[in-house]
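Engineer: Okay, predicted coordinates and the sequence, questions at the end:
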Amino acid sequence: MSSRATQRVVVLMGGISLEREVSLSSGRCCASALREIDKFEVFELVADNAVAKELEEISPDVVFNALHGRWGEDGAVQGILEWLKIPYTHSGIFTSATCMDKLKTKSAYEIAGLPVTKSVLALREKASEKHIMDPPYVIKPINEGSSVGVHIIPLGSNVPPSLDKAMPEYVMVEQFVDGRDLTVTVIGSRENSRALAVTEVVTDGWYDYHAKYSIGGSTHVLPADIPNEIKTACLDHAKKAHNFLGCRGISRTDFRWDDSKGKNGLFLLETNTQPGMTPTSLAPEQASFCGITLSELCSSLIEDASCNR
């Protein structure tokens with residue numbers, strides 16, 4: 001890290017994934033928050049194919065990675081930053097790649113002894129021809145975020161979904177759990193990690209892209225109105241997942257809870273290594289609930305930045 005009194009911070013945003021607009025919103029919010037702190041000189045960089053050249057021209061002390069989706073949180077841009085020897089925030093190459101792949105994440109959960117639902121990898125064409133498992137189930141791209149490309153096949157469905165060719169060649173088919181959506185943000189790294197709170201996300205339907213990022217698209221119940229046993233389990237599971245996966249700085253783990261089955265109805269769905277930081281996002285909302293401002297949260301991520309993560 002540089003010894004300059006003022007650190008040059010590039011907030012990397014945009015990118016070329018399907019989550020570009022969300023990333024732009026996250027990046028602008030984080031850049032604005034960092035500008036409230038005198039020790040940072042903040043540059044906003046909308047990432048494209050010339051990102052390496054542009055970073056060399058700016059010569060930052062730190063990159064604040066506000067990219068979302070493929071190429072931004074799957075280890076790709078992390079590899080560029082390692083190559084350029086620029087310290088960066090959030091998780092490193094291996095953890096980012098693992099958490100972007102939903103099946104690899106679930107395999108890690110199982111090794112760690114965390115509860116998951118049944119899931120299999122299937123060819124897109126096969127999943128369109130016949131039921132891969134008995135309904136209800138969910139079909140997801142294995143490497144997209146923000147609920148992009150998610151299909152729910154309800155109980156009693158006689159035919160499989162018609163999957164668009166824009167979907168990847170291989171998809172994840174996952175048992176559907178009817179229940180409540182819960183989420184936990186974890187901040188810090190290793191022994192200094194801390195699970196913040198449990199939020200229940202309430203929507204009229206599926207918690208899709210619109211529900212996540214549109215004002216009024218969903219209601220966040222914080223703290224979630226759940227039994228202490230479930231609250232404790234969510235906090236413990238999220239922290240364990242964060243550390244087992246090797247997450248750095250911040251992560252958010254999503255759960256599905258069938259409240260008719262108590263603790264046995266709680267399952268981990270995925271861990272997001274670069275949770276949204278938009279005005280409707282869950283992670284900064286939980287931080288605020290715990291008395292942490294967005295400026296303080298972003299500053300802590302800068303302080304944690306490094307290479308070889």
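Structural biologist: Yep, that arrived.
Engineer: Quick one: residues contacting D38.
Structural biologist: When contacts are counted by Cβ atoms under 8 Å, 6 or more residues apart in numbering, D38 is found next to T6. C-beta: built from backbone N, CA, C; applies to glycine.
Engineer: nope, A127 is what I was after
Structural biologist: A127 neighbours (Cβ under 8 Å, 6+ apart): 139, 160-161, 163, 171, 173.
Engineer: so how far is the host helix or strand of it from its chain's centroid?
Structural biologist: Under the criterion of DSSP states H and E, A127 resides in helix 124-129. Remark: helix 124-129 is offset 27 Å from the chain centroid, using Cα atoms, centre = their mean, to the nearest Å.
Engineer: same question, stretch 242-254
Structural biologist: Its chain's C-alpha centre and that of stretch 242-254 lie 9 Å apart, by Cα atoms, centre = their mean.
Engineer: so how far is the first residue of that stretch from its last?
Structural biologist: One end of stretch 242-254 sits 12 Å from the other (Cα to Cα, to the nearest Å).
Engineer: What are the buried residues along it?
Structural biologist: For stretch 242-254, a neighbour-count test (16 or more other Cβ atoms under 10 Å) marks 242-243, 245-254 as buried.
Engineer: Distance to I16 and pLDDT added to those, as JSON lines?
Structural biologist: Rendered in JSON lines, the data for the buried residues of stretch 242-254 read as follows (distance: Cβ to Cβ, whole Å; pLDDT from 0 to 100):
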{"residue": "H242", "distance to I16": "28", "pLDDT": "98"}
{"residue": "N243", "distance to I16": "31", "pLDDT": "98"}
{"residue": "L245", "distance to I16": "25", "pLDDT": "98"}
{"residue": "G246", "distance to I16": "26", "pLDDT": "97"}
{"residue": "C247", "distance to I16": "24", "pLDDT": "98"}
{"residue": "R248", "distance to I16": "24", "pLDDT": "97"}
{"residue": "G249", "distance to I16": "23", "pLDDT": "97"}
{"residue": "I250", "distance to I16": "23", "pLDDT": "98"}
{"residue": "S251", "distance to I16": "23", "pLDDT": "98"}
{"residue": "R252", "distance to I16": "23", "pLDDT": "98"}
{"residue": "T253", "distance to I16": "26", "pLDDT": "98"}
{"residue": "D254", "distance to I16": "25", "pLDDT": "97"}
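Engineer: Relative to K263, which of the residues you listed is nearest.
Structural biologist: Of all the buried residues of stretch 242-254, T253 has the smallest distance to K263: 16.2 Å, by Cβ to Cβ.
Engineer: Before we go further, that closest one is sitting in a strand, right?
Structural biologist: Yes. Remark: T253 belongs to a strand, assigned using DSSP: H, G, I helix; E, B strand; the rest coil.
Engineer: quick one, strands of the stretch 101-250 of the chain?
Structural biologist: With DSSP state E, counting those that start in this stretch applied, the stretch 101-250 of the chain shows strands at 119-123, 137-141, 151-153, 170-175, 180-187, 194-202, 219-221, 250-257, listed in chain order.
Engineer: partners of the longest one, with directions?
Structural biologist: Its sheet considered, strand 194-202 pairs with strand 180-187 (antiparallel), strand 219-221 (antiparallel) by DSSP bridges.
Engineer: Could you chop the chain up by domain?
Structural biologist: Residue ranges for the structural domains of the chain, counted by automatic domain parsing, are given in the record as 7-90, 98-116+178-304, 119-175.
Engineer: Where in this protein is the helix or strand with the lowest mean pLDDT?
Structural biologist: helix 209-213 (a mean of 46; mean pLDDT, DSSP states H and E).
Engineer: about what we covered before: buried ones in the helix holding A127?
Structural biologist: Those would be 124, 127-128, for helix 124-129 by 16+ other Cβ under 10 Å.
Engineer: between the residues you listed, which is closest to S26?
Structural biologist: Set against S26, the nearest of the buried residues of helix 124-129 by Cβ to Cβ is R124 (29.5 Å).
Engineer: and the gap between that closest one and I93?
Structural biologist: With distances taken as Cβ to Cβ, to the nearest Å, R124 is found 27 Å from I93.
Engineer: what's the answer for M13, then?
Structural biologist: For M13, the distance to I93 - Cβ to Cβ - is 20 Å.
Engineer: again, but for V10
Structural biologist: Counting by Cβ to Cβ, the gap from V10 to I93 is 19 Å.
Engineer: who's more crowded, the two?
Structural biologist: Set side by side, V10 and I93 show more neighbours around V10, with 26 against 17, by other Cβ atoms under 10 Å.
Engineer: Low-confidence regions, the protein specifically.
Structural biologist: Residue ranges of the chain with pLDDT under 70: 1-4, 144-148, 205-217.
Engineer: the longest helix in the protein is where?
Structural biologist: When every helix of the chain is counted residue by residue (DSSP state H), the longest turns out to be helix 228-245.
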